[in-house]
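*Asks:* Need coordinates for the below:
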Amino acid sequence: MKKGLSIVLIALAAITAVFAQGTSEVASKGGSGELILYTTVKDAHFDITIEKFNEIYPNIKVYSTYGGAGEMKTRIQSESANPQADAMFGGLQYADLAAYGDFFESYVSVNDAKMQEGYTNTSGKFTFHDIQIPCLVVNDKLEAELGIKITGWKSLLDPKLYGKVVTANPTASSSAWNNLQCLLTDFGGWDNAAAWDFIAKLMQNGLVVVSSSSIPAKSTFAGEYTVGLTYEPQAVKIIDGGDRSAHMVFWEEGTTSVGFASAIIKGSKNVANAKLFMDFLQSDAGQQTYLDAAARPASTTKLEGGSATMVDLSTINVKVADTEAFAQNKQAICDRWNEYWAKYGKN
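*Replies:* The predicted model follows:
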């Protein structure tokens, strides 16, 4: 069964969330002590999120440890007998439920019913808050020098791009996993031979795999690579910061969207504060921080602002990924990727 993900804001009547605890958007007072976060969110977006959270809950002291999604999930798993943090902020996707769902508490935010269809907490554990769209960034100068035009996946097989396309590792990076989900969707599904044949050819064309999800975009804008596989907010923030040496490309074969979530760690010491944080992330104030950070809020609430660089979704080819199939088969997909990389990858 497919779990369709809508990527446009739609009007949605208010409904009662099955697992909701409470009725207000966020508590106007209360909350004290500590909140310890493992997070994939960093820099300005993290700072403004915590600043806005502390405007509502000034007596909660927030501590954080930053890392990649794979690193944080592995850490939570290894510490399950004695959790060292209260919540994972960002980096969780529906596909993580099968492998990591048991390490998170059941909780549905009081604001969950405000989320768009396809981004509500149907598992009872994952609090979805933003929608990310994977994309390519293409360095203008290097593309022109090669005399090619990047339009989608098949463009990346051009021999002129040997060793000039970079991605993070999809077995460890949530953004790279999104790119892989998009690729598999565009080529017929995770177990389709055509999809894996393309992956083999892409690897044979010198695909570069790096450790961090921030590297592909930054290094492509810097002129180290011609093409980087990344995600919309990362590219938009660089462009809005004044660097226009590269542009975004959304695959002509089709672009999928993925909801990102946070969750409370099972057995954590500050569960009450973690619940307040989940409520905040889906509140209007919390959702505004995503829009301000050039991300797409998951809420149905109409918010003001955002970046003019963000693409008009009506102008790109949008596809719906079978997220349930990806969730159930994530380990098999990652294992197969590793097998292909060992066989075809650039050494």
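*Asks:* in stretch 125-144, what's buried?
*Replies:* Residues 125-139, 142-143 are the ones in stretch 125-144 that count as buried (16 or more other CB atoms under 10 Å). C-betas here are computed from N, CA, C, even on glycine.
*Asks:* Residue 87: what's it in contact with?
*Replies:* Residues near residue 87 by CB atoms under 8 Å, 6 or more residues apart in numbering: 35, 36, 37, 38, 262, 263, 264, 265, 268, 274, 277, 278.
*Asks:* For the protein, just list every one of the helices.
*Replies:* In the chain, the segments counted as helices under DSSP state H are 43-56, 69-78, 97-100, 140-146, 174-186, 193-204, 215-221, 232-240, 271-282, 284-292, 323-328, 330-344.
*Asks:* For residue 165, which of those is the nearest?
*Replies:* Counting by CB to CB, residue 165 lies closest to helix 193-204 out of those; the figure is 7.5 Å.
*Asks:* Which of the helices and strands in the protein ranks last by mean pLDDT?
*Replies:* When each helix and strand of the chain is scored by mean pLDDT, DSSP states H and E, helix 323-328 comes last, with a mean of 86.
*Asks:* give me every residue that touches residue 227.
*Replies:* Residues 136, 137, 138, 139, 150, 156, 161, 164, 165, 166, 220 are the ones in contact with residue 227 under the rule CB under 8 Å, 6+ apart.
*Asks:* from those, which ones fall inside strands?
*Replies:* Among the contacts of residue 227, the members found in strands (DSSP state E) are 136, 137, 138, 139, 165, 166.
*Asks:* Quick one: low-confidence residue ranges for the stretch 51-200 of the chain.
*Replies:* In the prediction, the stretch 51-200 of the chain carries no residues with pLDDT under 70.
*Asks:* next one: phi and psi at the closest residue to residue 332 other than its chain neighbours?
*Replies:* Nearest non-adjacent residue to residue 332, counting by CB to CB, 6 or more residues apart in numbering: residue 190, 7.8 Å away. Backbone torsions for residue 190, taken as degrees, to the nearest 10, come to phi -70, psi -30.
*Asks:* Just give me the neighbour total for residue 171.
*Replies:* 18 (other CB atoms under 10 Å).
*Asks:* From residue 340, how far off is it?
*Replies:* Note on residue 171: its distance to residue 340, by CB to CB, to the nearest Å, is 11 Å.
*Asks:* Likewise for residue 252?
*Replies:* Shown here: residue 252 relative to residue 340, a distance of 24 Å by CB to CB.
*Asks:* and if you look at residue 191?
*Replies:* 14 Å.
*Asks:* between those two, which one's more packed in?
*Replies:* Neighbours were tallied for residue 191 and for residue 340 using other CB under 10 Å; the higher tally belongs to residue 340 (16 against 13).
*Asks:* Verify the contact between residue 152 and residue 255 for me.
*Replies:* No - judged on CB atoms under 8 Å, residue 152 makes no contact with residue 255 at a distance of 9.3 Å.
*Asks:* higher neighbour count, the two?
*Replies:* residue 255 (25 against 16).
*Asks:* which residue sits closest to that one, ignoring its sequence neighbours?
*Replies:* For residue 255, the spatially nearest residue (CB to CB, 6+ apart) is residue 316, at 5.5 Å.
*Asks:* Reformat the contacts of residue 227 as JSON lines; add distance to residue 61.
*Replies:* Compiled in JSON lines, these are given as follows (distance: CB to CB, whole Å):
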{"residue": "136", "distance to residue 61": "41"}
{"residue": "137", "distance to residue 61": "37"}
{"residue": "138", "distance to residue 61": "43"}
{"residue": "139", "distance to residue 61": "43"}
{"residue": "150", "distance to residue 61": "47"}
{"residue": "156", "distance to residue 61": "46"}
{"residue": "161", "distance to residue 61": "49"}
{"residue": "164", "distance to residue 61": "46"}
{"residue": "165", "distance to residue 61": "44"}
{"residue": "166", "distance to residue 61": "39"}
{"residue": "220", "distance to residue 61": "38"}
